[in-house]
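S.K.: Pasting the sequence and the predicted model now:
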Amino acid sequence: MTLRLCAADVHIGRVSIEPKPVAETPAKPYDTPMDLRHTVSRPTPGWLLLAALCGLALALLPDPSPESPSHNCRLWGMAGETPRSSAILQQLVTARFSLDSLSASNDDGWGLAWFAADDSDCIVERGAPMALLDPRYDTVAAAIIAARPKIAVGHVRKCSSGLCDIPDPHPFHREKNGRHWLLAHNGTISKTVLLDLIRPDYLIANPPQYGENVTEWIDSDLYLIFILQTLEDHNFAVKPALGEAIERLRPIAYPIPLLNFVLTDGATLWAYCEGNTLCYTYESGDSAFAAVMSQPPTLGSGTWVTLADGDLVTLTPGAAPLVENIEEYFEPLAVDDRDDDASLPHSIALSQNYPNPFNASTSIRYDVMERTAVRLVVYDVLGRPVATLVDEVKAPGSYVAYWDGRSADGYPIASGIYLCRMEGAGERTVRKMVVVK
């Protein structure tokens, strides 16, 4: 199987930048065929050596940031008419939490992509080594800075699904409706759930790009296939399509919805937050541009704004970011005209915990529609169960559960993001909780 890349993919020549050693790796069946690429030799800028040294030194320090919870992969994206080179350099290479530095804990490769000035073609570069130790990452980052593209996307991978010994397949690429579509995702989604949502005929016409069977397929690859299916169903009206995709996926994503993504068609970039952290920044003026990252690149949020679960931010070159709740694009629900007791809830409901964030303990209100078995479980952002708060049959009504911030073994848990997941009456719902010690 060959890797399907943009028509204008370019392979940028390997350079030697100390202290990053050049790790020669054998060609893999998913590497881009060399006859589809041409080599461009580029000198190594002096500042890139300093950036590499700073990035390596900083990555070896303990991470003191409360805004960097442990979760799979990290994302980056930007859109602007004339993006400021120093800002891109900071976000990709030099900052304490640059994409390069974050690869220390997301060490299964990297991917960077950007579009030509007229957004008709794109360039995708990938690497299998950790970005922090791969000189090609610095060379590609320098190429992006030199190109000053209107749209660019980046990703460092911590493999949790499918093939792991290949260059980072993010951002995934497909051509549809005469445009190049790129998607980078972080988190894990059940492949069984995604395959249930993708129509068999659509999967046959649009097979996964990596792997020969379900075991080897990558969940994020299937995620893009599902999103493109809904895009085609909506005649490429992007926001209504994304609304349908999230509305269908959110209730059944198992064990918790980890749906963060960056999606672009080369003209606009959309970033969605659910399950993992995501933030954005915007600079106006002559070098107006906007960027999104899994977390701010420096200590303290600065001009970065943290998105909430359900937020969809649209970045268009030359315009300020637009933040909307994805539920604005959900299909209206049919009115339930049953003559049941109006004082009882007609579906399970999980309210936001209070207080949130919390330090010592928090309360969680929930409602049930009928006598049913209810489970209320706290998970970490990797989907691992931390504590079970409720696991019993409940009569119809409203209830409150309490969590003291301890694991099932009675140990205090660390600061970070946790997810409270409720199951009952054949339904699931999730709330995000923040613990601050």
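M.R.: Structure received.

S.K.: I'd say residue 160 and residue 108 touch.
M.R.: No: Residue 160 is beyond contact range of residue 108, at 9.1 Å (criterion: Cβ atoms under 8 Å). No exception for glycine: its C-beta is placed from N, CA and C like everyone else's.

S.K.: so what's in contact with the two at the same time?
M.R.: Counting by Cβ atoms under 8 Å, 6 or more residues apart in numbering, no residue touches both residue 160 and residue 108.

S.K.: pLDDT on the strand or helix carrying residue 398, on average?
M.R.: In this structure, residue 398 sits in strand 397-403 according to DSSP states H and E. Averaged over strand 397-403, pLDDT sits at 93.

S.K.: Tell me where the stretch 151-300 of the chain has helices.
M.R.: Ranges of helices in the stretch 151-300 of the chain, per DSSP state H, counting those that start in this stretch, are 191-197, 200-205, 219-233, 238-249.

S.K.: Return stretch 285-298 as PDB; C-alpha atoms alone will do.
M.R.: This file holds the C-alpha atoms of stretch 285-298, laid out as PDB (Å, rounded to 0.1, in the frame of the first residue of the first chain):
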ATOM      1  CA  GLY A 285      -2.500  44.100  12.700                       C
ATOM      2  CA  ASP A 286      -0.100  43.700   9.800                       C
ATOM      3  CA  SER A 287       0.800  40.100  10.700                       C
ATOM      4  CA  ALA A 288      -2.700  39.000  11.600                       C
ATOM      5  CA  PHE A 289      -3.000  35.300  12.200                       C
ATOM      6  CA  ALA A 290      -4.600  32.800  14.600                       C
ATOM      7  CA  ALA A 291      -3.300  29.500  15.900                       C
ATOM      8  CA  VAL A 292      -4.600  26.500  17.900                       C
ATOM      9  CA  MET A 293      -2.600  24.200  20.100                       C
ATOM     10  CA  SER A 294      -3.300  21.400  22.600                       C
ATOM     11  CA  GLN A 295      -1.900  23.700  25.200                       C
ATOM     12  CA  PRO A 296      -0.200  27.200  25.400                       C
ATOM     13  CA  PRO A 297       3.400  27.000  24.200                       C
ATOM     14  CA  THR A 298       4.700  28.900  27.200                       C
END
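
S.K.: where does it sit relative to the chain's centre, distance-wise?
M.R.: How far stretch 285-298 lies from its chain's middle: 16 Å, per Cα atoms, centre = their mean, to the nearest Å.

S.K.: same deal with stretch 103-115?
M.R.: Stretch 103-115 has its C-alpha centroid displaced from the chain centroid by 12 Å (Cα atoms, centre = their mean).

S.K.: Over to stretch 305-317?
M.R.: Offset of stretch 305-317 from its chain centre (Cα atoms, centre = their mean): 12 Å.

S.K.: and the end-to-end length of it?
M.R.: Taking Cα to Cα, to the nearest Å, stretch 305-317 runs 18 Å from one end to the other.

S.K.: tell me which residues in it are buried?
M.R.: Within stretch 305-317, the residues that count as buried by 16 or more other Cβ atoms under 10 Å are 305, 307, 309, 310, 311, 312, 313, 314, 315, 316, 317.

S.K.: Can you pull out the residues in contact with it?
M.R.: Contact partners of stretch 305-317, identified using Cβ under 8 Å, 6+ apart, comprise 67, 77-81, 150-151, 239, 242, 267-275, 277-281, 289-292, 321-327, 329, 432.

S.K.: Now, the buried residues of stretch 305-317 that are in strands?
M.R.: Counted as lying in strands by DSSP state E, out of the buried residues of stretch 305-317, are 305, 311, 312, 313, 314, 315.

S.K.: can I get these in JSON lines with pLDDT?
M.R.: JSON lines is the format used below for these (pLDDT from 0 to 100):
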{"residue": "305", "pLDDT": "94"}
{"residue": "311", "pLDDT": "96"}
{"residue": "312", "pLDDT": "97"}
{"residue": "313", "pLDDT": "97"}
{"residue": "314", "pLDDT": "97"}
{"residue": "315", "pLDDT": "96"}
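
S.K.: hmm, back to that, in ChimeraX, select just the buried ones from the contacts of stretch 305-317.
M.R.: Buried residues within the contacts of stretch 305-317, by 16+ other Cβ under 10 Å, are selected in ChimeraX with:
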select :67,77,78,79,80,150,151,242,268,269,270,271,272,273,274,275,277,278,279,280,281,289,290,291,292,321,326,329,432
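
S.K.: Please identify which of the buried residues of stretch 305-317 is nearest to residue 187.
M.R.: Taking Cβ to Cβ as the measure, residue 187 lies nearest residue 309 of the buried residues of stretch 305-317, at 12.1 Å.

S.K.: Quick check: that closest one vs residue 276, distance?
M.R.: Per Cβ to Cβ, to the nearest Å, residue 309 is found 9 Å from residue 276.

S.K.: hmm, which two among the buried residues of stretch 305-317 are most spread apart?
M.R.: 309 and 317 (26.8 Å).

S.K.: can you give me the strands for the stretch 251-400 of the chain?
M.R.: Counting by DSSP state E, counting those that start in this stretch, the stretch 251-400 of the chain has strands at residues 261-264, 269-272, 279-283, 289-293, 305-306, 311-315, 322-325, 349-350, 362-368, 372-380, 385-394, 397-403.

S.K.: Let's have those strands in TSV, adding distance to residue 418.
M.R.: What follows is those, written out as TSV (distance: least, Cβ to Cβ, whole Å):
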stretch	distance to residue 418
strand 261-264	21
strand 269-272	20
strand 279-283	19
strand 289-293	22
strand 305-306	16
strand 311-315	19
strand 322-325	22
strand 349-350	14
strand 362-368	10
strand 372-380	5
strand 385-394	6
strand 397-403	9
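
S.K.: And those: which comes nearest residue 164?
M.R.: For residue 164, the closest of the strands of the stretch 251-400 of the chain is strand 261-264, at 20.0 Å, according to Cβ to Cβ.

S.K.: any idea which helix or strand carries residue 431?
M.R.: For residue 431, the element it lies in under DSSP H and E is strand 427-435.

S.K.: so for that strand, what's the average pLDDT?
M.R.: Confidence for strand 427-435, expressed as mean pLDDT, is 86.

S.K.: now for that strand, which elements pack on it?
M.R.: On a contact count with 3 or more Cβ pairs under 8 Å, 6 or more residues apart in numbering; DSSP states H and E, strand 427-435 meets strand 349-350, strand 416-424.
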